[in-house]
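**Student:** I would like the atomic coordinates for the input below:
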Amino acid sequence: MYVAPLGDIVSAHGIDYMSYADDTQLYLTLSPGNREISISRLESCIRDIKSWSIQNKLMFNDSKTEVLHISSKFRKCPTSPKIAVDDSFVDTVLKAKSLGVIVDCNLNMKHHVKNTASAASFALYKIGQLAKYLDHKSTERLVHAFITSRLDYCNSLLYGIPSTELSKLQLIQNSAARLVTRSKKHDHITPILRDLHWLPLHLRIRYKVALLAFKAIHGMAPSYLTDLVASYSPQRRLRSSSETLLCRPRRCNTRFYGDRCFSAAAPEVWNNLPWDLREALHLNRFKKDLKTYLFSCF
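**Tutor:** Below you'll find the predicted structure:
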């Protein structure tokens, strides 16, 4: 509550923001026509924030202030903006951590996948050392606590990434499943996952996106998600009018991450669900039926 006035300062400059405890993120869209004006507005906003911090005896940490310039990987040598704070420039980075997710300048999520795979692999190695002292249930609990939790964290952001990247995480889930069931390395993994009632990662991601879409449709999600989806309402009466569909946005030019944004991913996943799932009204029932449906898909 103490830093709540920061929102008024940022909004006064017409800049979007997100605040999490002591971490404030500013978002600004740059285009060739307004680049200099936008950068000047951002610098003015930062100066006002720093001035407010000094007046309220708070420390503005210059060393932890970073700029992440997100652009298409197909753009040749994009010029990174130079943001000045007092007499120095803020460092422009290629990746930054946001609430445990590593976001890179091309939104390809490679750094996040690598970091998640590394942490999960280390946890798997440690559990493997203890496995001979553990029974099936205890091993599975440890796997869910230290491995599945990492693979599932913010996994909806991995929707649509290349299969070569997703396979790095899938291999870890496969190894964890073999550890829990004491299966051999070359045993076919699909029956093992079915026996454990584990969805493979690409279906776990679809599960999360569908769940977020359900919450957005029924007013259970934050406004920054509900504002991104809209129910399909054709101008004339069609059979599809009563099928609880979502509007698909116009095709994004940025194929490698535009189609992965929630406004595009949610309608894609939601509209491909069976009619009875889309008509569900209760969250718990929807989650149960959705998982049953996804299990029938592999």
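
**Student:** So the residue nearest to the spatial centre of the chain: helix, strand or coil?
**Tutor:** In the chain, the centroid-proximal residue (C-alpha atoms, centre = their mean) is residue 157; its distance is 2.9 Å. Counting by DSSP: H, G, I helix; E, B strand; the rest coil, the backbone at residue 157 sits in helix.

**Student:** So for it, what's the pLDDT?
**Tutor:** If you check residue 157, the pLDDT there is 94.

**Student:** Report the contact partners of it.
**Tutor:** 101, 109, 112 (C-beta atoms under 8 Å, 6 or more residues apart in numbering). C-beta: built from backbone N, CA, C; applies to glycine.

**Student:** Dump these into JSON lines; add distance to residue 213, neighbour count and pLDDT as well.
**Tutor:** Formatted as JSON lines, the contacts of residue 157 follow (distance: C-beta to C-beta, whole Å; neighbours: other C-beta atoms under 10 Å; pLDDT from 0 to 100):
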{"residue": "101", "distance to residue 213": "20", "neighbour count": "16", "pLDDT": "94"}
{"residue": "109", "distance to residue 213": "20", "neighbour count": "24", "pLDDT": "92"}
{"residue": "112", "distance to residue 213": "22", "neighbour count": "23", "pLDDT": "96"}
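
**Student:** In strands, which of those residues appear?
**Tutor:** Per DSSP state E, strands hold the following members of those: residue 101.

**Student:** Just list whatever residues bridge to residue 18.
**Tutor:** residue 25 (DSSP bridges).

**Student:** Just to check, it is in contact with residue 25?
**Tutor:** Yes: the pair residue 18 and residue 25 qualifies as a contact (C-beta atoms under 8 Å) at a distance of 4.7 Å.

**Student:** Mind splitting the protein into its structural domains?
**Tutor:** Domain segmentation of the chain under automatic domain parsing yields 5-93, 110-198, 206-295.

**Student:** Can you get me the start-to-end distance on the first one?
**Tutor:** Distance between the boundary residues of domain 5-93 (C-alpha to C-alpha, to the nearest Å) amounts to 28 Å.

**Student:** Off-centre distance for it?
**Tutor:** Distance of domain 5-93 from the chain centroid (C-alpha atoms, centre = their mean, to the nearest Å) equals 22 Å.

**Student:** Give me the mean pLDDT for that domain.
**Tutor:** Domain 5-93 comes out at a mean pLDDT of 82.

**Student:** Okay, the residue nearest to the centre of the chain and residue 14: tell me how far apart.
**Tutor:** Noted for residue 157: a distance of 27 Å to residue 14, by C-beta to C-beta, to the nearest Å.

**Student:** Equivalent analysis for residue 214, please.
**Tutor:** Counting by C-beta to C-beta, the gap from residue 214 to residue 14 is 33 Å.

**Student:** Which helix or which strand is home to residue 233?
**Tutor:** Element membership for residue 233 (DSSP states H and E) is empty, with no helix or strand holding it.

**Student:** got a list of what residue 200 touches?
**Tutor:** Counted by C-beta under 8 Å, 6+ apart, residue 200 has contacts 170, 173, 193, 298.

**Student:** Am I right that residue 165 is in contact with residue 104?
**Tutor:** No: the pair residue 165 / residue 104 is not scored as a contact, 11.8 Å apart, by C-beta under 8 Å.

**Student:** what is in contact with the two at once?
**Tutor:** With C-beta under 8 Å, 6+ apart as the test, residue 165 and residue 104 both reach residue 110.

**Student:** ok, which stretches of the stretch 51-200 of the chain are strands?
**Tutor:** Secondary structure of the stretch 51-200 of the chain (DSSP state E, counting those that start in this stretch): strands at 66-68, 84-85, 88-89, 91-93, 95-98, 101-104.

**Student:** No more questions from me, cheers.
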